[in-house]
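[1] below are the sequence and a predicted model; questions follow.
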Amino acid sequence: MSRAETSRLKQIKANLERRALILDSIRAFFKSEGFLEVETPLLLPHVAPEQFITPFAVNGWFLSTSPEMHMKRLLAAGYGNVFQITHCFRKGERGQLHNPEFTMLEWYRVDADYLGIVEDTERLVLAVAGDLGLGSTIRYQGQDIDLTRPWPRTTISKAFRKSAGWDPALQHDPERFDLDLVDKVMPGFSANRPTVLLDYPAANASMARLKPGDRKVAERAEVFIAGLELANAYSELTDAAELEKRFREVLEKTGDGEGHRPMPRRFLKAMADLPACGGIALGVDRLVMLLCNAAAIDEVVAFPRELA
Amino acid sequence: MSIEISEVSRNTKLLIDGVPFAVEDVNFVKPGKGRAIYRLKMRNLLDGNPRETTYHSGERVEEVHIASHDMQYLYAESDHYVFMDNESYEQHSVSKDMIGSKAQFLKEGLMVTALTMHDNVIGVDLPKFVELAVVESAMTTKTDTVTAQQKVVVLETGATVNVPTFVKERDILKIDTRTGTYVERVTKK
């Protein structure tokens, strides 16, 4: 073993030990809530069509970018509340907060909507912080962060009008949306409190249902803590025809090139039986970063891409 | 060669509007479901100035092969200098403008580092220090009023530098090519 590797692994050992405690704590939380822990495959014949998420292709198969579709197939079969901690793979995503292989926590609660799932998230993060002996205020990168419930909520419309001067729910401009979110809206969030962003424009609905009574927006929520995008929640869309239409639009954009992705037929077929539910994907590495006061994902992962 | 922005990493060399840049840092930002944003910190390989540019996923940039070669200075011609690649023995002409005032320290046989792009020299770096002989040591002149401890001498390449008064003709001096100033006397005659 090289001296540099030994030294690095020794340096992050305390973080990795805490990471193990966090995983225990997450499992204990969901078991106490009556969720079933499930496992779904990493090697898949198709991935959920997403315009800006590129899968690794392996001999005509794909490495999983998300466990969402298979977990929903379990839900459609009547499994009830389920959770999973699994690896996901997204090509080209590498940076201080990204590794192309990362760990996702995903859970689905039957009869819940996105707001119920945000409440789960608040309780989960507080429970994990409590299990680590941290209490409801944590210190991250020189800032105290108060995790007391409820976390401040705002809508995309309000946050963009305040920080970027326009309303993405009324004006369709996907390119400007991502840039302004990163450059203008996120820097406007409180440094000492989590922020929950609600009601994304319908164009960014992904697999979330549109809001009954205001179909310009989707019931989608994102949780941010200390500038880290931690989790993405939906009131799950259960309309198979609408889902197929959205998938087709994405597949038309991503084209038939190297990233050619087939329509996930088995998943769409199961959607007829998907119960009303809410779900969320939470970046476990980011949660560990937050609770270890680590500035970079490389400090909480034993072997990031370049060192694998 | 055109490449995807996602393939760019530190040390990639890019050609932007005909100017070569070295990538010094790539800052990757991506909202979960959104488009990736790449903020590149680069350095202009010709004038050394920094540049920051933001790219988005899917955009393409022009990668360029920049190589560094050890070359030897041979001689000057009307508007250019001729260098020889020490490995391939190929000769390269470099315009006098590219080297600028540092050319006054070019001595036959001097080893330099040359950057090439598609086999054309786009930049020449002299060593930080060169050793040159004094060929003419004038008396302290009337215009040299800085201090009595300084005088001007002419070096074998024709360059003139301010030196302490103890310097004599045929002394070898160490010169800092970055500032064009005297550092020390290496050997005295």
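    Ah, there it is. Numbering: from 1, shown residues only, chains lettered A, B, ... in the order given.
[2] right, is stretch A:53-67 up against chain B?
    Yes - against chain B, stretch A:53-67 shows contacts by CB under 8 Å from any CB of the partner chain at A:Ile53. The C-beta positions use only the backbone N, C-alpha and C, and glycine is treated the same way.
[3] list of residues touching that stretch?
    If you take CB atoms under 8 Å, 6 or more residues apart in numbering or on different chains as the criterion, stretch A:53-67 is touched by A:40-48, A:50, A:84, A:86-92, A:100, A:104, A:106, A:258-259, A:261, A:281, B:33.
[4] let me know the average pLDDT across it.
    Stretch A:53-67 carries an average pLDDT of 94.
[5] go through the contacts of stretch A:53-67 and flag which are in strands.
    A:43-44, A:84, A:86-89, A:104, A:106, A:281 (DSSP state E).
[6] now which of those would you call buried?
    A:44, A:84, A:86, A:88-89, A:104, A:106, A:281 (16 or more other CB atoms under 10 Å in any protein chain shown).
[7] pick out the lowest-pLDDT one from the residues you listed.
    Minimum confidence in these sits at A:Leu44, scoring 95.
[8] ok, what's across the strand from that residue?
    Beta-bridge partners recorded for A:Leu44 (DSSP bridges): A:Phe62.
[9] swap in A:Arg109?
    Counting by DSSP bridges, A:Arg109 forms beta bridges with A:Gly278.
[10] surely it and A:Gly116 touch.
    Yes - using CB atoms under 8 Å, A:Arg109 is in contact with A:Gly116, at 6.3 Å.
[11] what's the overlap in contacts for those two?
    In contact with both A:Arg109 and A:Gly116: A:Gly278, using CB under 8 Å, 6+ apart.
[12] for those two, indicate the residue with more neighbours.
    A:Arg109 (23 against 15; other CB atoms under 10 Å in any protein chain shown).
[13] for chain B, what lies in contact range of chain A?
    With the criterion set to CB under 8 Å from any CB, chain B comes near chain A through B:6, B:26-37, B:56-57.
[14] just the closest of these to chain A, please.
    Closest approach to chain A among the residues of chain B next to chain A (CB to the nearest CB): B:Phe28, at 2.9 Å.
[15] nearest residue to the closest one other than its sequence neighbours?
    A:Gly95 (2.9 Å; CB to CB, 6 or more residues apart in numbering or on different chains).
[16] how many neighbouring residues does the one you found have?
    Look at A:Gly95: counted by other CB under 10 Å, it has 17 neighbours.
[17] per-residue pLDDT, it?
    We note a pLDDT of 92 for A:Gly95 in this prediction.
[18] go on, B:Ala148?
    B:Ala148 is given a pLDDT of 66.
[19] quick check: phi and psi on B:Leu110?
    phi -60, psi 130 (degrees, to the nearest 10).
[20] and the residue nearest to B:Ser101 when sequence neighbours are not counted, how many neighbours?
    Excluding the flanking residues, the one nearest B:Ser101 by CB to CB, 6+ apart is B:Gly180, at 7.1 Å. Neighbourhood size, B:Gly180 [other CB under 10 Å]: 15.
[21] who does the closest residue to chain B within the stretch 51-200 of chain A bridge with?
    Nearest residue of the stretch 51-200 of chain A to chain B (CB to the nearest CB) works out as A:Gly95 at 2.9 Å. A:Gly95 has these beta-bridge partners by DSSP bridges: A:His98.
[22] so who does it touch?
    B:26-30.
[23] against A:Gly34, how distant is it?
    37 Å (CB to CB, to the nearest Å).
[24] how about the residue sitting nearest the centre point of chain B: what's its closest non-neighbour residue?
    Geometric centre of chain B, nearest residue: B:Asp125, 2.9 Å, by CA atoms, centre = their mean. Counting by CB to CB, 6+ apart, B:Asp125 lies nearest to B:Thr113, which is 4.4 Å off, once chain neighbours are set aside.
[25] for the helix or strand hosting the one you found, what is the average pLDDT?
    Per DSSP states H and E, B:Thr113 falls inside strand B:111-117. Regarding strand B:111-117, the rounded mean pLDDT is 93.
[26] list the buried residues of it.
    By neighbour count on 16+ other CB under 10 Å, the buried set for strand B:111-117 is B:112, B:114-117.
[27] elements contacting that strand?
    In terms of contacts (3 or more CB pairs under 8 Å, 6 or more residues apart in numbering or on different chains; DSSP states H and E), strand B:111-117 is packed against strand B:66-76, strand B:80-85, strand B:91-95, strand B:120-125.
[28] show me where chain B has helices.
    Under the criterion DSSP state H, helices of chain B are mapped to B:96-99.
[29] could I get the phi/psi values of the residue lying closest to A:Ser190 once chain neighbours are set aside?
    In space, and not counting its chain neighbours, A:Ser190 is closest to A:Pro152: 6.7 Å by CB to CB, 6+ apart. Backbone torsions for A:Pro152, taken as degrees, to the nearest 10, come to phi -60, psi 130.
[30] list the contacts of A:Pro152.
    A:Pro152 is in contact with A:190, A:193-196, counting by CB under 8 Å, 6+ apart.
[31] report the separation between it and B:Lys33.
    Taken as CB to CB, the span from A:Pro152 to B:Lys33 is 22 Å.
[32] what do you get for B:Thr165?
    Distance from B:Thr165 to B:Lys33, counting by CB to CB: 74 Å.
[33] okay, the two: which has more neighbours?
    B:Lys33 (19 against 13).
[34] alpha carbons only: can I get stretch A:3-18 in PDB?
    Output of stretch A:3-18 as PDB, limited to C-alpha atoms (Å, rounded to 0.1, in the frame of the first residue of the first chain):
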ATOM      1  CA  ARG A   3       2.300   5.800   1.900                       C
ATOM      2  CA  ALA A   4       0.000   8.400   0.500                       C
ATOM      3  CA  GLU A   5      -3.000   6.000   0.500                       C
ATOM      4  CA  THR A   6      -2.300   4.800   4.000                       C
ATOM      5  CA  SER A   7      -2.000   8.400   5.200                       C
ATOM      6  CA  ARG A   8      -5.200   9.500   3.500                       C
ATOM      7  CA  LEU A   9      -7.200   6.500   4.800                       C
ATOM      8  CA  LYS A  10      -5.900   7.100   8.300                       C
ATOM      9  CA  GLN A  11      -6.900  10.700   8.100                       C
ATOM     10  CA  ILE A  12     -10.500  10.000   7.100                       C
ATOM     11  CA  LYS A  13     -11.000   7.000   9.400                       C
ATOM     12  CA  ALA A  14     -12.900   9.000  12.000                       C
ATOM     13  CA  ASN A  15     -15.300  10.100   9.300                       C
ATOM     14  CA  LEU A  16     -15.800   6.600   8.000                       C
ATOM     15  CA  GLU A  17     -16.400   5.300  11.500                       C
ATOM     16  CA  ARG A  18     -19.000   8.000  11.900                       C
END
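[35] quick one: buried residues of that stretch?
    For stretch A:3-18, by 16+ other CB under 10 Å, it's A:8, A:12, A:15, A:18.
[36] how about the helices in the stretch 201-308 of chain A?
    In the stretch 201-308 of chain A, the helices defined using DSSP state H, counting those that start in this stretch lie at A:240-254, A:265-270, A:284-292.
[37] what is the second one packed up against?
    Think helix A:265-270. If contacts are counted by 3+ CB pairs under 8 Å, 6+ apart, helix A:265-270 sits against helix A:68-76, helix A:240-254.
[38] so A:Val185 belongs to a helix, correct?
    Yes - under DSSP: H, G, I helix; E, B strand; the rest coil, A:Val185 falls within a helix.
[39] that one reaches A:Phe160, doesn't it?
    Yes - between A:Val185 and A:Phe160 there is a contact at 6.0 Å, judged by CB under 8 Å.
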